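Task: produce atomic coordinates for the following.
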Amino acid sequence: MTNKAPTKLDFPASLIKHDYEEMLFMRIFEEKCQFAFRNGKAGGYLHLYVGMEPLATGWLNSIRKGYDYVITAYRDHGHALVLGSDPLAVMCEILGRKGGLSNGKGGSMHLYDAEHQLYGGWGIVGAHTALGLGLAFAAKYRGEDRVTLCYLGDGAANAGIFYESLNMAGLWDLPIIYIIENNYFAMGTRLEYHAADTNLSKRGYPFGIESEQLDSMDVMEVRKDAARIIEMVRKEQKPYLVEALTYRFVGHGAADNSQELYRTKEEVAKARKRDPIHLLHDVILEHNILTQGELEALEEKFRAEVDEIYAKAEASPHPDPEDVYTNVYTDISPEVGH
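Reported below is the predicted structural model:
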């Protein structure tokens with residue numbers, strides 16, 4: 001039996017190790033978030049990024065962090081973590097505690113961190129695509145070379161406001177990259193049941209927006225695609241649309257226990273063979289970047305860290321009752337008679 005030569009690496013070992021650690025931490029963090037929700041500790045609703053980690057790690061490590069703009073829908077925990085938000089502040093927000101990114105008033109779906117140029121976290125399907133357009137318009141109006149990343153789901157790609165946003169982005173040549181996270185299900189509705197044309201990359205064509213469909217399960221490939229596209233948009237100051245083919249291994253939301261009504265166990269098992277963390281795990285072993293023992297120790301370390309973060313967040317105080325009147329557009333305090 002001959003020894004197979006290792007596959008060629010396009011990135012240094014240090015970067016591969018970084019991406020593995022980042023995605024693994026994200027996965028463990030998300031699992032703890034699901035635990036919190038199912039134990040009644042997280043209010044509102046909660047959506048997990050399990051299986052979709054390369055879309056945060058690959059793209060957000062390719063922008064100029066703290067300069068370029070990022071906006072997404074309600075599956076937003078991973079974006080905050082990768083952009084540099086304090087994991088404790090993220091968990092506090094998810095648990096509705098005072099130390100959260102939005103002081104515990106926004107919850108899982110409304111993470112916001114202007115310091116790290118994360119502008120949400122939005123719960124209304126598709127509506128944030130117009131806000132992303134506004135970020136890109138502001139950058140161009142000011143003569144800056146910022147790029148805006150606007151993530152949305154495959155279901156949101158059917159929203160009317162998304163088409164209006166594409167039209168304006170194409171009309172005004174705005175530096176925005178719309179990333180359609182196509183995980184094949186709009187809640188529990190399969191892609192072929194909600195999209196007349198299942199090739200969502202075509203959505204940009206009528207508006208003169210260059211588009212492409214990309215396999216987004218391998219973080220190394222995502223990194224290469226992201227670097228290429230971001231550089232192009234920054235240089236040419238024109239919009240771009242990506243249909244990122246991905247897969248979520250969990251339900252639409254943490255309360256979704258009805259997955260077998262819209263997909264089979266066999267389908268999920270097949271998709272899990274391309275689990276992005278496992279793919280990178282195999283590369284790391286193949287190239288002797290870390291040993292199996294080191295990988296196991298890393299997972300144990302992250303689980304302990306996330307347990308500690310969760311414990312601290314759970315022990316944090318809830319917002320003061322009077323905080324309900326702060327950070328709102330209109331003064332609704334009892335003192336003014338509303």
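
Please, where are all the strands along the stretch 151-300 of the chain?
176-182, 185-186, 189-190, 210-215, 240-245 (DSSP state E, counting those that start in this stretch).

what comes up buried for the fourth one?
In other words, strand 210-215. By neighbour count on 16 or more other C-beta atoms under 10 Å, the buried set for strand 210-215 is 210-211, 213-214. For every residue, glycine as well, the C-beta is placed using N, CA and C.

Now tabulate those residues in TSV and tack on distance to residue 129 and pLDDT.
TSV is the format used below for the buried residues of strand 210-215 (distance: C-beta to C-beta, whole Å; pLDDT from 0 to 100):
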residue	distance to residue 129	pLDDT
210	17	98
211	15	98
213	19	98
214	19	98
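
Closest to residue 262 out of those?
residue 213 (22.6 Å; C-beta to C-beta).

chain center to the lengthiest helix in the chain: distance?
When the chain is scanned for its longest helix (criterion: DSSP state H), the result is helix 13-38. Averaged C-alpha coordinates place helix 13-38 at 12 Å from its chain's average position (C-alpha atoms, centre = their mean, to the nearest Å).

what's it packed up against?
helix 53-60, helix 77-83, helix 87-94, helix 219-236, helix 276-286, helix 292-315 (3 or more C-beta pairs under 8 Å, 6 or more residues apart in numbering; DSSP states H and E).

so for the first one, what's the average pLDDT?
Yep, that's helix 53-60 we're talking about. Average pLDDT, helix 53-60: 98.

for stretch 124-134, same thing?
On average, stretch 124-134 scores 97.

Can I get that stretch in CSV? Just the C-alpha atoms.
Coordinates of each C-alpha in stretch 124-134 appear next as CSV, following Å, rounded to 0.1, in the frame of the first residue of the first chain:
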residue,chain,number,x,y,z
ILE,A,124,-38.2,41.1,9.3
VAL,A,125,-37.5,38.8,6.4
GLY,A,126,-35.8,40.6,3.5
ALA,A,127,-36.3,44.1,5.0
HIS,A,128,-32.7,44.6,6.0
THR,A,129,-31.6,44.3,2.3
ALA,A,130,-32.7,47.9,1.9
LEU,A,131,-30.7,48.9,5.0
GLY,A,132,-27.6,47.3,3.6
LEU,A,133,-28.2,49.3,0.4
GLY,A,134,-28.3,52.5,2.6
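
buried residues in it?
Result for stretch 124-134 [16+ other C-beta under 10 Å]: buried residues 125-129, 131-134.

mind checking how far residue 58 is from residue 179?
Distance of residue 58 to residue 179, computed by C-beta to C-beta, to the nearest Å: 10 Å.

Pretty sure residue 116 is one of the things residue 66 touches, is it not?
Yes. Because the distance of 6.2 Å satisfies C-beta atoms under 8 Å, residue 66 is recorded as touching residue 116.

Residues that sit against both of the two, list them.
Residues touching both residue 66 and residue 116 (C-beta atoms under 8 Å, 6 or more residues apart in numbering) are residue 84.

The two: which has the busier surroundings?
When residue 66 and residue 116 are compared for neighbours, residue 116 comes out ahead with 19 against 10, by other C-beta atoms under 10 Å.

Need the helices and strands packed on helix 13-38 in TSV (columns: distance to residue 245).
Below are the helices and strands packed on helix 13-38 laid out as TSV (distance: least, C-beta to C-beta, whole Å):
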stretch	distance to residue 245
helix 53-60	10
helix 77-83	17
helix 87-94	27
helix 219-236	11
helix 276-286	12
helix 292-315	27
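
Which of those helices has the highest mean neighbour count?
Greatest average neighbour count among the helices and strands packed on helix 13-38 goes to helix 53-60 (a mean of 27), per mean count of other C-beta atoms under 10 Å.
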